[in-house]
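Colleague: Give me the fold of what follows.
(chains A and B)
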Protein chains: 2
Amino acid sequence: MSDHDPTLEADVFARDCSSRSTLQTVTGRWGTLVLIALRESNYRFSALRRRVDGVSERMLSQTLQNLERDGMIVRTVLEAIPPKVEYDLTPLGRQVADQLQGLIDLLQGHMPTVRDAQAEYDGRRGTSA
Amino acid sequence: MSDHDPTLEADVFARDCSSRSTLQTVTGRWGTLVLIALRESNYRFSALRRRVDGVSERMLSQTLQNLERDGMIVRTVLEAIPPKVEYDLTPLGRQVADQLQGLIDLLQGHMPTVRDAQAEYDGRRGTSA
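Modeller: Prediction:
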């Protein structure tokens, strides 16, 4: 545990605050999907790639490295021939994944509202301009 | 309100599901910061740009258009010379912003854990390889 100076509050609005880069790691294009997949169960690389539809091998590998570096997931090498590598959430990663799942549930439950807004916006753009 | 077919569940894991693009709009590099800024108060463009430290005029404009199209914010043109444009959250946008604020509070409260994990990861990389 680092000493924490309570006068140095993290401020995600400040461009150089490290909390902004961690926010981007967990909310990035693939970071969120990897975290909520690992919320279901631990995964090996190839199974995770099938779960997160559309991710390239390179992007998944980069995403996993960023999440591991920020303490959201752990990578475990299992003794086997060939060695198996498994990914799982840390306690902090689980809290973050729960919060992201709440956001996704909210959005998925309101997709009709979103689609109505999109149709209305596109209609306005089509008739004006 | 669109009719909602409960057999057609939104699935953010599916690469073509529209909920995935909405998730990216609200969790994108600037989308999140704009939403949580508008959670504090409504803003005019220039004040919002000052609040979201580091965003370019072009990126802020694009972010606001995406958020408006997905029904997260409303853009109001006020009668004045020159006309003033104000941005505010919709009810759905407020729910999404609340959820994002919960995520940010969680991350900001755990930055010492994140920094410890980063130092440990970088140390391992530095000594192996």
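
Colleague: what sits up against stretch A:97-104?
Modeller: A:26-27, A:32, A:35-36, A:38-39, A:89, B:12, B:19, B:23, B:26-27, B:96, B:99-100, B:102-103, B:106 (CB atoms under 8 Å, 6 or more residues apart in numbering or on different chains). Any C-beta I mention is one placed from the backbone N, CA and C, and that applies to glycine too.

Colleague: My error: substitute stretch A:33-42 in the last question.
Modeller: Against stretch A:33-42 from outside (CB under 8 Å, 6+ apart): A:26, A:43, A:48, A:51-52, A:55, A:60, A:63-64, A:67, A:72-73, A:86-89, A:93-94, A:96-98, A:100-101, A:104, B:12-13.

Colleague: From those, which land in strands?
Modeller: Counted as lying in strands by DSSP state E, out of those, are A:43, A:73, A:86-89.

Colleague: Out of these, flag the one nearest to chain B.
Modeller: The closest of these to chain B turns out to be A:I73 (CB to the nearest CB; 9.9 Å).

Colleague: Pairing partners for the closest one in the sheet, please.
Modeller: Beta-bridge pairing of A:I73 under DSSP bridges involves A:L89.

Colleague: Tell me if I'm right that it and A:E86 touch.
Modeller: No - counting by CB atoms under 8 Å, A:I73 stays clear of A:E86, with 10.2 Å between them.

Colleague: burial count for A:A119?
Modeller: Applying other CB atoms under 10 Å in any protein chain shown, we find 12 residues neighbouring A:A119.

Colleague: okay, it: pLDDT?
Modeller: Per-residue pLDDT puts A:A119 at 96.

Colleague: Figure out the helix or strand that it lives in.
Modeller: Assigned by DSSP states H and E, A:A119 belongs to helix A:111-127.

Colleague: which helices and strands does that helix pack with?
Modeller: helix B:18-27, helix B:57-69 (3 or more CB pairs under 8 Å, 6 or more residues apart in numbering or on different chains; DSSP states H and E).

Colleague: mean pLDDT for those: which is lowest?
Modeller: Looking at these, the weakest mean confidence is helix B:18-27, a mean of 90.

Colleague: do that helix and chain A meet at all?
Modeller: Yes - applying CB under 8 Å from any CB of the partner chain, one finds helix B:18-27 in contact with chain A at B:18-19, B:22-24, B:26-27.

Colleague: quick revisit: for A:I73 and A:E86, indicate the residue with more neighbours.
Modeller: A:I73 (26 against 15).

Colleague: Return the distance of the most centrally placed residue in chain A relative to chain B.
Modeller: Nearest to the geometric centre of chain A sits A:T32, at 1.9 Å (CA atoms, centre = their mean). Distance of A:T32 to chain B, computed by CB to the nearest CB, to the nearest Å: 6 Å.

Colleague: Next, the contact list for that residue, please.
Modeller: Contacts of A:T32 (CB under 8 Å, 6+ apart): A:26, A:100, A:104, B:23, B:27.

Colleague: Contact partners for the residue nearest to A:T27 when sequence neighbours are not counted?
Modeller: Spatial nearest neighbour of A:T27, excluding adjacent residues (CB to CB, 6 or more residues apart in numbering or on different chains): B:T27 at 3.7 Å. Counting by CB under 8 Å, 6+ apart, B:T27 touches A:27-28, A:32, A:103, B:100.
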